[in-house]
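In: Turn this into a model:
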Amino acid sequence: MMTQLKTRCAIGLAALALAPAAAWSSAPDGIEQTTALQDQVTVGAVQLDYTVTAGKLLIRTGEGKPSAALSYTAYTLDGAQAARRPVTFFWDGGPGGSTFAENFFGFGPKRYFASRHAHAGPPYLTQANPYTLLAHSDLVFIDPVGTGYSHALGQFADRDFWGVEPDADAMSAAIVRYLRMNRRWQSPKFLLGSSYGTTRASIVADKLQSNGMAINGVILVGSALNFGMQDNGLDQQFTLGLPSMAAIAWHHGKTAHQSMALPDFLRAVEAFVRTEYGPALSLGNRLPPEQKQALAKKLAGYIGLDAQYIHDAHLRVSVVRFRKELLRDQGLTVGRLDGRSVSADFDTVGEEPENDYWLMEELLMPARGVIESFYGAELGRDDPQDYRIVAAGAIQAWTWDHELPNIAGISRYELQERNIFPQNTWVAAHLSAAMRANRNLRVFQAHGYFDLATPYAWGDYDLSHMTHDQGLMDRITTSYYEAGHTIFFDEKAIPRMSRELGEFYAAALKPHAGP
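Out: Just a heads-up that it's a prediction; the model follows:
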């Protein structure tokens, strides 16, 4: 059981500029004032006494000008030796999403258990979380600029930070600031990102290590490491999305292979993609008509749609169409973040789903109540702005240019002439460079079978193409869960996920024995 000790204190902390030669100075307007609360949670038979601290991290330009204040919530184990105690930094996706879900719906000491509410509506309550990663590491949840209570300062606007590079720079600076404020430089360090947070974590790991900060582990939940999958006119979105569509069709009883266990079924689908489906799509309109007919029929058995529909789509069924078509005969649409979820649109004749109502009902509605109760009622904070769950307009304004690390075989000339040879956002290159630079760095990748936002085959493809070094490959662990995009939200998946992440932490903290 978790008890409230309700020991609050306000601490004014000095701000440190991020320029190498910067000196200590007072933070403007008390922007880094924090609120602290002591509490406890029991994991297994072990009681963990901890302090939760909520505040903002001031980051500056290289010239020392304050540029943004990033809100964060940290959980630190009382009495732990800082140099030996790991610290993990968390991000959600979007881009433009705050980090509430990883905290209150996943790994924080208090968690919202959706099944215990059974769609009853408010009050949405949190309870002691036996799956909290506090058992293995201190936890720091950081909200990107424009989300949570984070915001730009002075001459800067939130949108100045809405891009692959400025976002990663801001997050790297926030980590540096937190470590300096709390004297945690010697602590083992981990990054955990969900969805676009995996993009962010991959770049940040490379940036931090390039500036002399070793990272022990990177945890990827719903990987998005190479956005070339989304390129129009290419077939990756169809080949890499097919296994997830098949998993969802299997869940709804729509395949011709329902007698197979899900993992066995998906291995068969993956083999079909490699040996038949992918090669057929590569032929384009040169595919013989009789082969096209046969493949449409085979695809129908895998993803549960009408063979003629698949044939008329030229064997290329998009996620948008699949969501609307799979259960059209029942008047239902399947979810994007979790294909097991269903909802009813205004009518049944449209080609595209209205929305992903699972996201609204299961995550966003409980989130507001949980967030306001925690920061207001429990911590007693009264921030002048609302907690922004999502930064409105961030996705539309996001800039995707970024500088690749030095990779053999990549032409620097072509990269410098992007208008001649445009490049997709490929952050797996950063993760592989970070792993080559640090032989102790380990990666854990978690996939949800029923995720259509970042299909599991997409992440597998990216990691299998980022290195061919066996020693590096041996430091990558991949786990698959019968869950959607937000794996840790699933109450059947999180016990195993928590256990496997505990094993990952233990492995990542052991020195590398190889050459």
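
In: only C-alpha atoms for contact and neighbour calcs from this point on.
Out: Noted.

In: What residue spans form the domains of this structure?
Out: Per the record, the chain has its domains at 9-210+365-425, 253-335+343-353, by automatic domain parsing.

In: Could you give the separation of the first one from the chain centroid?
Out: Relative to the mean C-alpha coordinate of its chain, domain 9-210+365-425 is positioned 12 Å out (CA atoms, centre = their mean, to the nearest Å).

In: Could you pull up the residues touching residue 85?
Out: If a contact means CA atoms under 8 Å, 6 or more residues apart in numbering, then residue 85 has 137-138, 187-188 as its contacts.

In: Any chance of JSON lines for the domains of the chain, columns mean pLDDT and distance to residue 437?
Out: Converted to JSON lines, the domains of the chain look like this (pLDDT from 0 to 100; distance: least, CA to CA, whole Å):
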{"stretch": "domain 9-210+365-425", "mean pLDDT": "87", "distance to residue 437": "8"}
{"stretch": "domain 253-335+343-353", "mean pLDDT": "97", "distance to residue 437": "32"}
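
In: Give me whichever of the ones you listed is most buried.
Out: Each of these was given a mean neighbour count from mean count of other CA atoms under 10 Å, and the largest, a mean of 19, is that of domain 9-210+365-425.

In: nearest to residue 448, of the contacts of residue 85?
Out: residue 137 (23.7 Å; CA to CA).

In: surely the closest one meets residue 89?
Out: No. Applying CA atoms under 8 Å as the test, residue 137 and residue 89 come out as separate, 9.9 Å apart.

In: Show me where the stretch 151-300 of the chain has its helices.
Out: Along the stretch 151-300 of the chain, the stretches classed as helices by DSSP state H, counting those that start in this stretch are 164-182, 196-210, 236-251, 262-272, 278-282, 289-303.

In: For residue 324, find the nearest of those helices.
Out: Going through these one by one, with CA to CA as the measure, helix 236-251 comes closest at 12.0 Å.

In: residue boundaries of the strands in the stretch 51-200 of the chain?
Out: In the stretch 51-200 of the chain, the segments counted as strands under DSSP state E, counting those that start in this stretch are 66-77, 87-91, 110-112, 126-128, 138-142, 151-152, 189-194.

In: Which stretch among those strands approaches residue 360 most closely?
Out: Proximity of those to residue 360 was assessed by CA to CA; the nearest stretch is strand 110-112, lying at 15.2 Å.

In: and that closest one, which strands flank it?
Out: Each strand pairing with strand 110-112, determined using DSSP bridges, is listed with its direction: strand 126-128 (antiparallel).

In: Which pLDDT value does the model give residue 479?
Out: The predicted local distance difference test score for residue 479 is 98.

In: next one: residue 514
Out: The predicted structure scores residue 514 at 52 on the pLDDT scale.

In: List just the nearest of the contacts of residue 85 to residue 465.
Out: For the contacts of residue 85, the minimum distance to residue 465 (CA to CA) is 27.9 Å, reached by residue 188.

In: Run a quick check on the closest one versus residue 89, I expect a contact.
Out: No. Taking contacts as CA under 8 Å, residue 188 lies outside contact range of residue 89: 11.3 Å.

In: will you turn the domains of the chain into JSON lines that also has distance to residue 475?
Out: Shown next, in JSON lines, are those (distance: least, CA to CA, whole Å):
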{"stretch": "domain 9-210+365-425", "distance to residue 475": "14"}
{"stretch": "domain 253-335+343-353", "distance to residue 475": "23"}
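
In: Between those, which one is closest to residue 479.
Out: When the domains of the chain are compared (using CA to CA), the closest one is domain 253-335+343-353, at 11.9 Å.

In: Contacts only, for residue 383.
Out: Contacts of residue 383 were listed using CA under 8 Å, 6+ apart, and they are residue 149.

In: you'd agree it is in a strand?
Out: No. Counting by DSSP: H, G, I helix; E, B strand; the rest coil, residue 383 is located in no strand; its state is coil.

In: Okay, residue 417 and residue 232: tell me how far apart.
Out: 21 Å (CA to CA, to the nearest Å).

In: returning to what we had before: just send the strands of the stretch 51-200 of the chain back as CSV, with distance to residue 50 too.
Out: Supplementary listing: the strands of the stretch 51-200 of the chain in CSV, determined by distance: least, CA to CA, whole Å:
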stretch, distance to residue 50
strand 66-77, 4
strand 87-91, 13
strand 110-112, 12
strand 126-128, 13
strand 138-142, 9
strand 151-152, 28
strand 189-194, 19
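
In: For the residue nearest to residue 156 when sequence neighbours are not counted, give me its contacts.
Out: Nearest residue to residue 156 in three dimensions, chain neighbours excluded: residue 67, at 6.1 Å (CA to CA, 6 or more residues apart in numbering). Taking CA under 8 Å, 6+ apart, we find residue 67 in contact with 58-61, 152-156.

In: how about 6 Å then?
Out: With contacts defined as CA atoms under 6 Å, 6 or more residues apart in numbering, the neighbours of residue 67 are 59-60, 152-153.

In: residues in contact with residue 92?
Out: Residue 92 sits next to 99, 193-194, 197 when contact means CA under 6 Å, 6+ apart.

In: one more time with 8 Å, if that's ok
Out: Counted by CA under 8 Å, 6+ apart, residue 92 has contacts 98-102, 193-197.

In: do residue 227 as well
Out: The contact partners of residue 227, taken as CA under 8 Å, 6+ apart, are 424-426.

In: is it fair to say residue 431 lies in a strand?
Out: No. With three-state DSSP as the criterion, residue 431 is helix rather than part of a strand.

In: Bridged to the residue most central in space within the chain, which residues?
Out: The geometric centre of the chain, computed from its C-alpha atoms, lies nearest to residue 194 (CA atoms, centre = their mean), at 0.8 Å. Assessed by DSSP bridges, residue 194 has beta-bridge partners residue 221.

In: Settle this for me: it is touching residue 202, isn't it.
Out: No. Taking contacts as CA under 8 Å, residue 194 lies outside contact range of residue 202: 11.2 Å.

In: Surely residue 444 and residue 478 touch.
Out: Yes. Using CA under 8 Å, residue 444 makes contact with residue 478 at a distance of 5.9 Å.

In: who's more crowded, the two?
Out: Comparing residue 444 with residue 478 by neighbour count (other CA atoms under 10 Å), the higher total belongs to residue 444, at 20 against 14.

In: helix or strand for the more buried one, which one?
Out: Mapping residue 444 onto the secondary structure by DSSP states H and E places it in strand 442-448.
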